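>>> Quick one, structure for this:
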Amino acid sequence: MGPAMRHFLFLLFVSSTLWAAVPPVEAGTLTEVGEPPDDRCTYRFDGQIETGDAAKIDTMNTWGSAGADLCLNSPGGSFLEGIAMFYKIWERQIRTHVLDGDSCESACALAWLGGSTDEGNGVPVKVEGRTLEAGGVIGFHAPSLNLPEGGQYSSQAVENAFKIALKGTEGLLDMSLLKENGAGYFDPFLFKMILATPGSSMYRISTVGSALLTGVDVSGVQPVAPVRRQNIINICDTLMALQVDRNGAFTKPSQYRDYARGTLSDAERAKMVLQISSPRVPESDDRLQRLEDGTWVYFHSLYGRRENYCSVEEEALLRASKRGSHISLGLHSFDVNALDGPGWIEAGKEGAYGHQLPHYALYEIDTPLADIRLGREDAEGGFRRLPDTDITGQDLTQTGIKDVSVEGCETICLQTQGCTAYSYLQQRRWCWPKSGGGNTKSTNGVLSGVLR
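A predicted model of the protein is given here:
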């Protein structure tokens, strides 16, 4: 038994529970609402989280390797019970979702973090399985004493409330440290923001930047089409913002973006573009340039004597605008002193690091997710899902689309001409849009979908 599980059992032994500051609502209910693979939610949890709700997770049917999909809609409740629900969900084949129009805050958000499944043949690999649909709300805050204002409390009552709050904080720390086969709970930045948000407030994942900084996977986002120059600047700014140390004082995505933009003027950056580009680009005061090979380069910041710039291929931008796929970018760094004297160096000669960002990073970092959501009929997609089934042949791409969620794969199919089905390699997050779904074979770890 690992230390995290021992601590979990200790939390369950605590006789008192920590309640979040939420309005009076009905007690929570767990309801079976569908079956895989046809339904997006196989279960729903609605209402306030109370002691004993974690035990309800044990009653869920996970349909073997297919897993269950738990949609959450709750204002919160018992903080410690939310942690207990997290462990129950983490230990089973349960994916968690917050849908467009639903809200999952406080203790509910902690339970949502547990969404995961074991994938693959042989030794299974733990894969994170939690999504926020654009238009849904997820909110976090720190444990608190939760003693109503205006009351008079004995020293013993205050001490007991303080101990419970400490137990909640200890539980959060254990959650942040727990990993299995490389899959962890939440980003350290999210952990920092949870502890920095008092119980009377809420840190909500509501913008493009807050989702990217906290590592929250968002589905149901309208792809940017067409991709314009400002969208390229947006995604490159976001890439650099994600490289800034997030243990500092910054709390807003725009603060990281502004810091990452650095101190060079546009004219100074343009001169560096001319120095490193191969082949050369026309003279310009614009720090965003398109090279003759179709690569866009964008210059960011000067750290000491090192300049950083972002590169992205035009073809990757076109795919993202049509399919909502992830975008591959390069992050390059070189010594400004190397530019002294005649000649120039090729782009990326000193150092290039590959990165991938979701397509919605093309939006401005403070864009509200609710403003760029797909219509519900588009997000649902109307697919009949077939677990452990591969559709052979009929591929619409030669290489598929990598590193997308199954919801993203369905969105790609809906937006691809001639696509009526898909096969999705779950462990590798690899999407293969298909022109038909007639030829199938049984294959573990492959989820297929056929448009109704």
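>>> Compute the first-to-last residue distance for stretch 80-100.
Start-to-end span of stretch 80-100 (C-alpha to C-alpha, to the nearest Å) is 26 Å.
>>> how distant is that stretch from the center of its chain?
The chain centre lies 16 Å from the centre of stretch 80-100; the measure is C-alpha atoms, centre = their mean, to the nearest Å.
>>> Quick one: list the elements packing against whichever strand or helix holds residue 31.
According to DSSP states H and E, residue 31 maps onto strand 29-32. Under the contact criterion of 3 or more C-beta pairs under 8 Å, 6 or more residues apart in numbering; DSSP states H and E, strand 29-32 touches strand 43-46. For every residue, glycine as well, the C-beta is placed using N, CA and C.
>>> which residues touch the strand it packs on?
28-33, 53, 56, 60, 68-74, 108, 111 (C-beta atoms under 8 Å, 6 or more residues apart in numbering).
>>> Could you pull up the residues touching residue 421?
So, once contact is read as C-beta under 8 Å, 6+ apart, residue 421 ends up touching 391, 394, 413, 433-437, 448-451.
>>> Write down the beta-bridge partners of it, one by one.
Beta-bridge pairing of residue 421, defined through DSSP bridges, involves residue 434, residue 450.
>>> Now, of the contacts of residue 421, which are buried?
Neighbour counting by 16 or more other C-beta atoms under 10 Å classes 391, 394, 413, 433-435, 437, 448-451 among those as buried.
>>> Looking at those residues, spot the one nearest residue 292.
Closest approach to residue 292 among these (C-beta to C-beta): residue 433, at 30.9 Å.
>>> Check that closest one and give its pLDDT.
On the pLDDT scale, residue 433 is placed at 93.
>>> Isn't it up against residue 417?
No - with contact defined as C-beta atoms under 8 Å, residue 433 does not count as touching residue 417 (10.0 Å).
>>> Can you name the residues that contact the closest residue to residue 435 other than its chain neighbours?
Closest residue in space to residue 435, ignoring its immediate chain neighbours: residue 394 at 4.7 Å, by C-beta to C-beta, 6 or more residues apart in numbering. By C-beta under 8 Å, 6+ apart, residue 394 lies in contact with 421, 434-439.
>>> Which pair of the residues you listed spans the longest distance?
Between any two of these, the greatest separation by C-beta to C-beta is 11.1 Å, found for 435 and 439.
>>> among the helices and strands of this structure, which one scores worst on average pLDDT?
Least confident helix or strand, the chain: helix 3-13 with a mean of 43, by mean pLDDT, DSSP states H and E.
>>> can you give me the helices for the stretch 51-200 of the chain?
53-56, 79-90, 107-112, 155-177, 188-196 (DSSP state H, counting those that start in this stretch).
>>> now swap in the stretch 351-452 of the chain and tell me
Applying DSSP H, counting those that start in this stretch to the stretch 351-452 of the chain gives helices spanning 376-380, 406-414.
>>> The ones you listed: lowest mean pLDDT?
Per-stretch mean pLDDT for these is lowest at helix 376-380 (a mean of 46).
>>> how about the strands in the stretch 251-400 of the chain?
With DSSP state E, counting those that start in this stretch applied, the stretch 251-400 of the chain shows strands at 288-290, 295-303, 306-313, 327-335, 352-357, 383-386, 389-391, listed in chain order.
>>> Out of the ones you listed, the one nearest residue 201 is which?
With C-beta to C-beta as the criterion, residue 201 lies closest to strand 352-357 of the strands of the stretch 251-400 of the chain, at 28.8 Å.
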